[in-house]
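Structure for the following, please:
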Amino acid sequence: MKKDFLLDIHTHTLVSGHAYGTIREMAKAASEQHLQLLGISEHAPGIPGTVNPFYYNNLQAIPRNLYGVEILHGCEINVLKGGLLSLEQEYIEKLDYAIAGIHTQCYKNEGKIKNTDNLIQCMKHPKVFFVSHPDDDHTPLDYGRLVQAAKQYHVALEINNSSLRKKDKRLNCVENYKTMLALCRQSEVPVIVNSDAHDPSDVGNFVLAEKLLEEIGFDETLILNTDVEAFQAFIGYSRNR
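The predicted structure follows:
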């Protein structure tokens, strides 16, 4: 596939409670990987040790450019029972984008139908542009419904490089990604490739995800990482706002 990947928007700093770099260290690593844009997406309430939501009230204090890399502010928000998001609206409004994801630390498997219902309900929120690691059969999903909802609600589904590195913990993740990607290609639904880096050394690491995409011959035009302006248009982001 070898097309340049220019952005990584699912990353965590030490304020997520189980990650190990500062924003500046993550940005410097992004610069060294020749990325043009970095999204910092700390964990929302529900993950042990993560930041207090008050953190999101002061995002304007962070420079929008560090080491020549554009910085965007996101949050990986937990999907909860009933299709609720684990971050209150007043804080979501401070974000450039939100990622919705199921985490077993704060979500109990309700079966394929209900898991999918809950995730789709969260995808309807206007700030949710991405779904994180929809790949684990410990909380199974209906990929046909998920892909159609992504198309309907203008959401990109994630290929998570970290999941592919720990296949023993992410049940059937490779098979699930192949199923999901075939449906995305069929319905022309975009995807986002992310490192899910919890340390600066992992920023921009897409090796396993790229290998999978190349193996199945996935349509490069559906990958949001290759065009910064197209990505910004996808989330409605303007540098001048």
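
burial of Val147, as a residue count?
When neighbours are counted by other C-beta atoms under 10 Å, Val147 registers 23. Every C-beta, even on glycine, is put in place using the N, C-alpha and C of the backbone.

which SS class is it?
With DSSP: H, G, I helix; E, B strand; the rest coil as the basis, Val147 sits in helix.

surely it meets Ala182?
No. Counting by C-beta atoms under 8 Å, Val147 stays clear of Ala182, with 9.3 Å between them.

State which helix of the protein is the longest.
The longest helix of the chain (DSSP state H) is helix 173-187.

So which elements touch the helix or strand following that helix?
Of the helices and strands lying after helix 173-187 in sequence (DSSP states H and E), the nearest is strand 191-194. When contacts are defined as 3 or more C-beta pairs under 8 Å, 6 or more residues apart in numbering; DSSP states H and E, strand 191-194 sits against strand 156-160, helix 207-216.

how much distance is there from strand 191-194 to the middle of the chain?
Taking C-alpha atoms, centre = their mean, to the nearest Å, one finds the center of strand 191-194 at 7 Å from the center of the full chain.

likewise stretch 228-241?
On the basis of C-alpha atoms, centre = their mean, the separation between the geometric centre of stretch 228-241 and that of its chain is 16 Å.

how far off helix 207-216 does the longest helix of the chain point, in degrees?
If you take axes from the mean of the first three to the mean of the last three C-alpha atoms, to 10 degrees, helix 173-187 sits at 50 degrees to helix 207-216.

In CSV, list the C-alpha atoms belonging to helix 173-187.
C-alpha atoms of helix 173-187 as CSV (Å, rounded to 0.1, in the frame of the first residue of the first chain):
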residue,chain,number,x,y,z
CYS,A,173,-9.8,-9.2,16.1
VAL,A,174,-8.1,-10.0,12.7
GLU,A,175,-11.1,-11.9,11.4
ASN,A,176,-13.4,-9.1,12.7
TYR,A,177,-11.4,-6.4,10.9
LYS,A,178,-11.5,-8.4,7.7
THR,A,179,-15.2,-8.7,7.9
MET,A,180,-15.7,-5.0,8.8
LEU,A,181,-13.3,-3.8,6.1
ALA,A,182,-15.0,-5.8,3.4
LEU,A,183,-18.3,-4.1,4.3
CYS,A,184,-16.6,-0.7,4.5
ARG,A,185,-15.2,-1.2,1.0
GLN,A,186,-18.6,-2.4,-0.3
SER,A,187,-20.5,0.6,1.1
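
Provide the secondary structure category for Ile71.
Recorded secondary structure, Ile71: strand (three-state DSSP).

err, Cys75, not the other one
Following three-state DSSP, we place Cys75 in the strand state.

isn't it right next to Gly46, touching?
No. Shown here, Cys75 and Gly46 do not form a contact pair, counting by C-beta under 8 Å, at 11.5 Å.

Comparing those two, which residue is more hemmed in?
Set Cys75 next to Gly46 and count neighbours by other C-beta under 10 Å: Cys75 wins out with 31 against 17.
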